[in-house]
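Engineer: need coordinates for the following:
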Amino acid sequence: MSQAKSSYAAFSGDERMDESDVGRSEDMSDAAMEVGSVADSEMSSRQTVSTLYPHDSISQRGAQNRYPAPQSVGGQLQTYMASIRTTINPWYVCEHRQWPRQRAHLEHRTSPVRPQFKTLYGREFTSQSENYMLPADDKEHSRLDLQHNIVKFHLRSLYPYPRWVEWLLRPSQERNPAVLDIGTGSGRWPVEMALQFPHAEVLGIDLVPPVLLTIDTIPSNCRFEVDDANLSMLHHKDCFDVVHARSIDQGINDFNGLLYEVAQTIRPHGILILCVGDPQFVTEDLVPFPVTKPGEEGFTWLQKLLYHVYKAFHHRGNYGVDASLHWKGWLQGNPNYENVQVFDYYIPAGPWKQDLNETDVWVAEAVRMNMVHVFGAFTPLLLTDGFSPEDIDVMVKGATAELRDQTIHAMMHWRYVTAIRRNAPWHERLEEIEPLHRASDTLIVNPSPPGTKSAVAQSVGFSPRTWTG
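Structural biologist: Numbering: from 1, shown residues only. The predicted structure is shown next:
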């Protein structure tokens, strides 16, 4: 038996990964944990990003750090990043793809020119997708930075199952370990993974580039590509040990199909990590906030607003927002994966929970702050769904006041699902595609019966793991 196989057997054998593996790692450096307290509910997103990334804040970033479009497109595929940064990088090698040392840090597969943006109601969106209806501008990427730190500091790690991930990404003379981040957003996760594993190659893909990153903050072993995860991923066959995707549901046309595509990119025994935050908030007793009218029992502006955002996606024919309810079943029925694990976490939206340490107070405050900022990102979607600016303003102000004044004790649900790539040839999907709009489970039920367990926990048939602080 080879050393690789024996090491894998030592980790897996007949045992399943337990909660101690997926739990919050306490090994984060002191520097990473020194984020301070954000007790002031009026602290701005700009201040938060500046505190966590003082060399890459919005206030310190000049116009010269934006990625300019090329003046002309020659006979070969050209990237708009090439004029800014072309460096001598290690070879990025996999079985089917090999790039030369000299290459740009951000490239296109889909277009030789700068990806086009469209403007809706004062916000910039990608023009390459009609499904993804969150902005793709500086303000949204700043919010995604905050969301990234919520997840990271809650887990005390960049990833669940730290022992497994670190074993997969250990230095090896046989091949370079590699990581893929699908729907990379602001690009913080791949950048920090590249810093933590300087011997590994890290790739982030998205429909738009990470607009806030400056060229001096991208490690030499980290790259970004403008790419569409809805297209074939065969060009990345057997390239990665770790594949990560966070909050990409609404941008994926066929998530079950994506799981098959991604399986082609993962090396044997590699890990797939999926993560998402749900629009259904729950009370501290894990009872979902109902969708009711003002004055009725259990009414909250927060859940009313999130419900209408959720239904606005449905009205556009986008049922991908419900995909996370089916991750477990899809992966268990997929012959390319094994050892499927699901863990649900509930994080308070605001520091109302008692006996929190300093870091957990920051996480709770950051969840509240993140929600206030995402309300603005929802506005164009609601306007296109027929809501008037006045109606949206009433809902946003009401939800913001509830979180600011802590008149409700709301908890946000985050779900992690992981699966291991089988050491077997890839199998294509044979079953017929079932449209999500025919599925019986939805993230938000209208109205939610009072006193019932979270619809999310109910639908997957297991007890949710609460956030213990």
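
Engineer: could you use CA atoms for every contact and neighbour count after this?
Structural biologist: Will do.

Engineer: just the helices in the stretch 301-450 of the chain please.
Structural biologist: Counting by DSSP state H, counting those that start in this stretch, one finds helices in the stretch 301-450 of the chain at the ranges 301-315, 327-332, 358-384, 389-405.

Engineer: between those helices, which one is closest to residue 178.
Structural biologist: Nearest of the helices of the stretch 301-450 of the chain to residue 178, taken as CA to CA: helix 327-332 at 22.1 Å.

Engineer: what packs against the closest one?
Structural biologist: Using 3 or more CA pairs under 8 Å, 6 or more residues apart in numbering; DSSP states H and E, the elements in contact with helix 327-332 are helix 255-265, strand 337-348, strand 411-421.

Engineer: in TSV: the ones you listed, plus mean neighbour count.
Structural biologist: Below are those laid out as TSV (neighbours: other CA atoms under 10 Å):
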stretch	mean neighbour count
helix 255-265	21
strand 337-348	21
strand 411-421	22
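
Engineer: mean pLDDT added to those, as JSON lines?
Structural biologist: Conversion of the helices and strands packed on helix 327-332 to JSON lines gives the following (pLDDT from 0 to 100):
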{"stretch": "helix 255-265", "mean pLDDT": "96"}
{"stretch": "strand 337-348", "mean pLDDT": "94"}
{"stretch": "strand 411-421", "mean pLDDT": "96"}
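
Engineer: ranking helices and strands of the protein by mean pLDDT, which lands last?
Structural biologist: Using mean pLDDT, DSSP states H and E, the weakest-scoring helix or strand in the chain turns out to be strand 86-88, at a mean of 26.

Engineer: residue 121: what's it in contact with?
Structural biologist: residue 380 (CA atoms under 8 Å, 6 or more residues apart in numbering).

Engineer: for it, what are phi and psi?
Structural biologist: phi 50, psi 40 (degrees, to the nearest 10).

Engineer: and the gap between it and residue 130?
Structural biologist: Here the distance between residue 121 and residue 130 works out to 16 Å (CA to CA, to the nearest Å).

Engineer: check residue 286 too.
Structural biologist: When CA to CA is applied, the distance between residue 286 and residue 130 equals 34 Å.

Engineer: of the two, which one has the most company?
Structural biologist: Here residue 286 and residue 130 are set side by side on neighbour count (other CA atoms under 10 Å), and the busier one is residue 286, at 21 against 11.

Engineer: about what we covered before: nearest to residue 239, out of the helices of the stretch 301-450 of the chain?
Structural biologist: Here helix 327-332 is closest among the helices of the stretch 301-450 of the chain (CA to CA), at 20.1 Å.

Engineer: quick check: mean pLDDT across that closest one?
Structural biologist: When pLDDT is averaged along helix 327-332, the result is 95.

Engineer: what's around residue 394, how many residues?
Structural biologist: By other CA under 10 Å, the residues close to residue 394 number 13.

Engineer: how near is it to residue 272?
Structural biologist: Where residue 272 is concerned, residue 394 sits at a distance of 41 Å (CA to CA).

Engineer: name every strand pairing with whichever strand or helix holds residue 180 and say which way it goes.
Structural biologist: The secondary structure element spanning residue 180 is strand 178-182 (assigned by DSSP states H and E). Sheet pairing of strand 178-182 (DSSP bridges) gives strand 201-206 (parallel), strand 240-246 (parallel).

Engineer: tell me which of those strands sits most buried.
Structural biologist: strand 201-206 (a mean of 26; mean count of other CA atoms under 10 Å).

Engineer: what is the helix or strand just after that strand packed up against?
Structural biologist: Read in the C-terminal direction, the helix or strand following strand 201-206 is strand 222-226, with elements assigned using DSSP H and E. Counting contacts by 3+ CA pairs under 8 Å, 6+ apart, strand 222-226 packs against strand 106-108, helix 188-196, strand 201-206.

Engineer: report the angle between strand 222-226 and helix 188-196.
Structural biologist: 150 degrees (axes from the mean of the first three to the mean of the last three CA atoms, to 10 degrees).

Engineer: any idea of the mean pLDDT for strand 222-226?
Structural biologist: Along strand 222-226, the predicted confidence averages to a pLDDT of 92.

Engineer: make TSV from the helices and strands packed on strand 222-226 and add mean pLDDT to it.
Structural biologist: What follows is the helices and strands packed on strand 222-226, written out as TSV (pLDDT from 0 to 100):
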stretch	mean pLDDT
strand 106-108	44
helix 188-196	97
strand 201-206	95
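
Engineer: save the ones you listed as TSV, and put in distance to residue 424 too.
Structural biologist: Shown next, in TSV, are the helices and strands packed on strand 222-226 (distance: least, CA to CA, whole Å):
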stretch	distance to residue 424
strand 106-108	31
helix 188-196	27
strand 201-206	24
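
Engineer: closest one to residue 402 among these?
Structural biologist: Comparing the helices and strands packed on strand 222-226 against residue 402 with CA to CA, the closest turns out to be helix 188-196 (30.0 Å).

Engineer: pull out the buried positions in that closest one.
Structural biologist: In terms of neighbour count (16 or more other CA atoms under 10 Å), helix 188-196 has its buried residues at 188-195.

Engineer: again with stretch 374-393
Structural biologist: Applying a neighbour-count criterion of 16+ other CA under 10 Å, the buried positions in stretch 374-393 are 374-383, 385, 387, 392.

Engineer: also stretch 157-169?
Structural biologist: Within stretch 157-169, the residues that qualify as buried by neighbour count (16+ other CA under 10 Å) are 157-162, 164, 168-169.

Engineer: of those, which belong to helices?
Structural biologist: Under the assignment DSSP state H, the buried residues of stretch 157-169 contribute 162, 164, 168 to helices.

Engineer: pipe the helices of the stretch 301-450 of the chain into TSV and attach distance to residue 126 per row.
Structural biologist: Supplementary listing: the helices of the stretch 301-450 of the chain in TSV, determined by distance: least, CA to CA, whole Å:
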stretch	distance to residue 126
helix 301-315	16
helix 327-332	26
helix 358-384	13
helix 389-405	23
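
Engineer: export only the CA atoms of the strand holding residue 180, formatted as CSV.
Structural biologist: This file holds the C-alpha atoms of strand 178-182, laid out as CSV (Å, rounded to 0.1, in the frame of the first residue of the first chain):
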residue,chain,number,x,y,z
ALA,A,178,-4.5,22.7,-5.2
VAL,A,179,-7.7,24.5,-4.1
LEU,A,180,-10.6,25.8,-6.1
ASP,A,181,-13.1,28.4,-4.8
ILE,A,182,-16.3,28.6,-6.9
